[in-house]
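S.K.: Predicted coordinates and the sequence they were generated for:
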Amino acid sequence: MSAGKKTIGSSKQELYQYFNAMQYHLKISKDSRIRLDKELASSFSVFDYISDRETMLSRILADLLNPEGKHGQGKLFINKFLTMLQKKPESLTGKLTVTLEKPTYHLENFNRRIDIHLSWDNFGIGIENKPWAYEQEDQLKDYEEQLNKEFHGNYILIFLCASGRKPESIANWDQLVMQGKSKTIFFFPDLYNWLLDCRQECEADKIRHFLKDFSFFIEQHLIGNHSLERKRND
């Protein structure tokens, strides 16, 4: 250690003074936050009062991606989502149909349900929403087969999950990624940044506040795969 530098805590007195100063600054910070929260309510989020199950998140995403959704922002959300997928909106024909829990009618096992299903005349997207639950056996394999048959190879299957996860129910995922037919999207940072990007252009204050709460929820609860604690129940 070079001369003149001193290690904090070389004596009990110095340790006491150091932690006493830390407690003082923490109290000042807490008091300041309390005063600011009377106007800003920085910790408040509507998501603390609703279900955090996969179905609720799927409903929210499906409504945002629907140009006729209650958000009133038209194609803002879906166009930015397609940009994230490197898909040009103008290349898609026909009206977009958004469906929750779409049955896999093209398979022998038609009891499976794709969480969010987006369909144009010439293209389809299937989103498997897995923030917490594990995949079922062959789940993504079956969804890929369903989309391939339904859209004659012109599709993309999305695995939406907490960062750090990899699909386990399909063997050729990486090959499909290379072909542009599959993609893993993480809640954080991918979906989080999509929400922030949409918020920049959203014209309705009510929706802007909602998007802020949604992004805050993701930052607090879906930032990594440490959330993978629920049983195989989906």
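M.R.: Good, I have the coordinates.

S.K.: how near is residue 116 to residue 220?
M.R.: According to C-beta to C-beta, to the nearest Å, residue 116 and residue 220 sit 23 Å apart. All C-beta atoms are positioned from the backbone trio N, CA, C, and that covers glycine.

S.K.: Compare the two (neighbour count), which wins?
M.R.: The neighbour comparison of residue 116 against residue 220 (other C-beta atoms under 10 Å) goes to residue 116, with 23 against 13.

S.K.: Pull the contacting residues for the residue positioned nearest the centre of the chain.
M.R.: The residue lying closest to the centre of the chain (C-alpha atoms, centre = their mean) is residue 187, at 2.7 Å. Listed by C-beta atoms under 8 Å, 6 or more residues apart in numbering, the contact set of residue 187 reads 131, 160, 161, 162, 163, 218, 222, 223.

S.K.: What's the local residue count around the nearest residue to it once chain neighbours are set aside?
M.R.: Residue nearest to residue 187 in three dimensions, not counting chain neighbours: residue 222, with 3.8 Å by C-beta to C-beta, 6 or more residues apart in numbering. For residue 222, the neighbour count with other C-beta under 10 Å is 22.

S.K.: Next, residue 222: phi, psi?
M.R.: With angles defined as degrees, to the nearest 10, residue 222 sits at phi -130, psi 30.

S.K.: repeat for residue 170
M.R.: According to degrees, to the nearest 10, residue 170 has phi -150, psi 130.

S.K.: What is the burial count for it?
M.R.: Using other C-beta under 10 Å, residue 170 has 21 other residues around it.
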